[in-house]
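Trainee: here is a sequence with its predicted model. Questions after.
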Amino acid sequence: MTDTIPGIVIAAPASNSGKTVITLALLRALTRKGHAIAAAKTGPDYIDPAFQAAACHGTCINLDPWAMTPSQITSLAKDHAKDKAFLICEGVMGLFDGAANGDGSTADLAALAGWPVILVVDVKGQSASAAAVISGFAKFRDDINVAGVILNRVGSERHGQMIVDACAKHLPDLPVLGAVRRSEDLILPERHLGLVQAGEHSELDAFLDRAADIIVGDVDLDALMALIDQTGSPSEKMVGPTAAIAPLGQHIAVARDAGFAFSYLHILDGWRAAGAKISFFSPLANEAPTPDCDAIYLPGGYPELHAPILASANMFKTGMRDAAKRGVLIYGECGGYMTLGNGLIDAKGTRHEMLGLLPLETSFANRRLHLGYREVQLGIPSPFGPAGMKLRGHEFHYATTISENGMPFCRMKSATGLDLGPAGLVDGRVFGSFFHMIAEVRP
């Protein structure tokens, strides 16, 4: 049996229940009290972890029970929680919602790790009915421990007390840790892929402090902290060998700015652990990758919001094209993949010239959502492994492909095993796709 990692999971019955802001407020409030906290996010989300990192003045790891093996989750969580008192993990969607095949939910992660669950319930428009919802979630699976409840978006003191009384009557052993009133101070702006990125909030620190002030007044933090002691034994599945995705090269130049922000901490840390050097450059600041790199990684992000800047970033474009001519390996994911193409059409219908390193044209003029977990089988040998190896990850974008001509990079399946056909492109040592990689598939 693997060692216990003290922690709790902040979950909710559904998306948009407020669990992200509640998690951020808890992280900031407990950090201000002097607690050393390891922050984590269930699933593949890129945006929430940056907020969590800011809230606890640290970093945040993604733990994905669909894409990762249980042993990889153990390894990542133990390493991330090293020298920390405990771990707080925000859930994804509703507590029992996972991939299209039903696997990979927040509940699955809580069961694997033995972490108690704090359920954040949006009670707007409910009183005693909220207690019925809470009861159903608490009893739905006997392999998880719903250990406490936070009522969110409470309309008044009387409204909150009605729900507390109903819970006390029907769920006497399940503590209501607090009732958080509706407040404009607990709202974060959103855009088409989720929250506006943490790095784009000039007043983020002030927002986090206001949220923490609210949570300190509305939630019993000592009672919440006591629930961490209910951390159970992790599943036997959490024990076993684990492997990180192999690095692209020995010195990898990684694009990083508001247009290319979607890179996973565990991927970059895994490359460093394998001996690779990582350096960063900003395409939006018209920076070229360092000339001594032997690989370049363009992660996902929002190139569509910055297309005019990218189109006129001549130093960036020249540096990328020169690197391709030298035979530097170049890999692009989603937004990075679009940037490798010939052109990108923005939401207004204006075409912007991109790098021209792959025969690809994409458009946001007629947006269409592509969303879901994916398993890909590589069609070519790559630094990740031989042709035929499999990776798990996800796809999340609104871009339409106008043209995509050439040799595909991989073949893609949905979480249910539906064959989605060839995906991505390869041209020499330049390759990519809309697929965001998370983990290698191990037999």
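Mentor: Arrived safely. Predicted, not measured: the structure shown is a model, and the values here were computed from it.
Trainee: dump the residue contacts of His80.
Mentor: The neighbours of His80, taking CB atoms under 8 Å, 6 or more residues apart in numbering as the test, are 38, 40, 59, 61, 87. In this view, the C-beta of every residue, glycine as well, is placed from N, C-alpha and C.
Trainee: Val239: neighbouring residues, count only.
Mentor: Neighbour count of Val239, defined by other CB atoms under 10 Å: 12.
Trainee: now it: how far from Pro49?
Mentor: Spatial separation of Val239 from Pro49 under the definition CB to CB, to the nearest Å is 26 Å.
Trainee: run through the residues that contact the residue lying farthest from the centre of the chain.
Mentor: Relative to the mean C-alpha coordinate of the chain, counting by CA atoms, centre = their mean, the farthest residue is Lys169 (37.8 Å). Under the criterion of CB under 8 Å, 6+ apart, the contact list for Lys169 reads Ala131.
Trainee: and Glu353, by the same measure?
Mentor: The neighbourhood of Glu353, defined by CB under 8 Å, 6+ apart, consists of 311, 342-343.
Trainee: break this structure down into its structural domains.
Mentor: Residue ranges for the domains of the chain, per automatic domain parsing: 7-238, 251-440.
Trainee: start to end distance for the shortest one?
Mentor: Looking back up the chat, that one is domain 251-440. Length of domain 251-440, first residue to last, CA to CA, to the nearest Å: 21 Å.
Trainee: and if you look at stretch 354-371?
Mentor: For stretch 354-371, the separation between the terminal residues is 24 Å (CA to CA).
Trainee: and that stretch, average pLDDT?
Mentor: When the per-residue pLDDT values of stretch 354-371 are averaged, the result is 94.
Trainee: list the buried ones in that stretch?
Mentor: Within stretch 354-371, the residues scored as buried using 16 or more other CB atoms under 10 Å are 354-355, 357-358, 360-364, 370.
Trainee: same question, stretch 172-192
Mentor: 174-182, 186, 188.
Trainee: which one of these sits closest to Glu395?
Mentor: Of all the buried residues of stretch 172-192, the one sitting nearest Glu395 is Leu188; the distance, using CB to CB, is 24.4 Å.
Trainee: how about the secondary structure of that closest one?
Mentor: When classified by DSSP: H, G, I helix; E, B strand; the rest coil, Leu188 comes out as coil.
Trainee: across the sheet, point out what pairs with the closest residue to it other than its chain neighbours.
Mentor: Distance criterion CB to CB, 6 or more residues apart in numbering; nearest residue to Leu188, sequence neighbours excluded, is Leu195 at 5.3 Å. Here Leu195 sits in beta bridges with Glu190, going by DSSP bridges.
Trainee: pLDDT score assigned to Leu195?
Mentor: The score at Leu195 is 79. That number is its pLDDT.
Trainee: again with Ala223
Mentor: For Ala223, the model assigns a pLDDT of 98.
Trainee: wait, a helix at it?
Mentor: Yes. Secondary structure assignment (three-state DSSP) places Ala223 inside a helix.
Trainee: which ones are touching it?
Mentor: Contacts for Ala223 were tallied using CB under 8 Å, 6+ apart; they are 148, 175, 177.
Trainee: is the first one bridged to anything, and to what?
Mentor: This points to Gly148. Following DSSP bridges, Gly148 is listed with bridge partners Ile118.
Trainee: OK, contacts around Ala274?
Mentor: Under the criterion of CB under 8 Å, 6+ apart, the contact partners of Ala274 comprise 244, 246-247.
Trainee: ok, now Asp97?
Mentor: By CB under 8 Å, 6+ apart, Asp97 lies in contact with 105-106.
Trainee: let's see it at 7 Å
Mentor: Ser105 (CB atoms under 7 Å, 6 or more residues apart in numbering).
Trainee: if I look at it, how far off is Phe434?
Mentor: Computed as CB to CB, the Asp97 to Phe434 distance reads 23 Å.
Trainee: got it, and Thr31?
Mentor: When CB to CB is the yardstick, Thr31 and Phe434 sit 36 Å from each other.
Trainee: the two: who's more crowded?
Mentor: The residue with more neighbours, out of Thr31 and Phe434, is Phe434; 25 against 18, by other CB under 10 Å.
Trainee: and the gap between the more buried one and Asp213?
Mentor: Applying CB to CB, one obtains 41 Å for the distance of Phe434 from Asp213.
Trainee: and Asp205, by the same measure?
Mentor: Taking CB to CB as the measure, Asp205 falls 13 Å from Asp213.
Trainee: ok, Leu340 - how many residues close by?
Mentor: Taking other CB under 10 Å as the neighbour definition, Leu340 ends up with a count of 27.
Trainee: wait, isn't it in contact with Leu358?
Mentor: Yes. With the criterion set as CB atoms under 7 Å, Leu340 and Leu358 qualify as a contacting pair; they are 4.5 Å apart.
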